[in-house]
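Asker: Just to be clear, the model below is a prediction. Sequence and coordinates:
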Amino acid sequence: MAGERAPSGTYCGQLSSAGVLSDAQTHFETDASGTIIGKYMFSDQGQPVHGELAETGDDGDGSDRTRTFMWRDKYGYGQLVVTFTPDFSEFEGKWNAGASEFLPWNGRRCYQTIS
């Protein structure tokens, strides 16, 4: 195996929620089958919102850098599409709920723990 082929650990960044950019932590790990799963937390008007991520598929470009997840939290669920840098140190993403427009969600690897 040459280098990391998957994201791992916690990423600190921001996501757009209710019209504002909120601080977010996104944690990724790979389960036994090789599927990426994760969890996240963001601040909604000062209150933490916790959610879960489950990989729904590879986009098929062969790079393993663009991944599609389903997010789920108290507000509902939707799609998150993320593209990682080659070393998986950061990602640029976009999320939506149902047929709504995509909004930004990004992160850079950090060492904070998600509670």
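Answerer: Cool, the structure landed. Numbers count the residues shown, from 1 in each chain.
Asker: Just the element for the most centrally placed residue in the chain, please.
Answerer: Centroid-nearest residue in the chain: residue 26, 5.4 Å away (criterion: CA atoms, centre = their mean). Here residue 26 sits within strand 20-30, counting by DSSP states H and E.
Asker: Tell me how far the helix or strand following that strand lies from the chain's centre.
Answerer: Proceeding N to C from strand 20-30, the next assigned helix or strand is strand 36-44, under DSSP H and E. Taking CA atoms, centre = their mean, to the nearest Å, one finds the center of strand 36-44 at 7 Å from the center of the full chain.
Asker: Strand 36-44 pairs with which strands, parallel or anti?
Answerer: Here strand 36-44 is paired, per DSSP bridges, with strand 20-30 (antiparallel), strand 47-58 (antiparallel).
Asker: can you list the residues that contact the helix or strand following the last one?
Answerer: So that's strand 47-58. Later in the chain than strand 47-58, the nearest helix or strand by DSSP H and E is strand 66-73. The contact list for strand 66-73 (CB atoms under 8 Å, 6 or more residues apart in numbering) reads 7, 36, 38, 40, 49-59, 77-84, 95. (C-beta placed from N, C-alpha, C; glycine too.)
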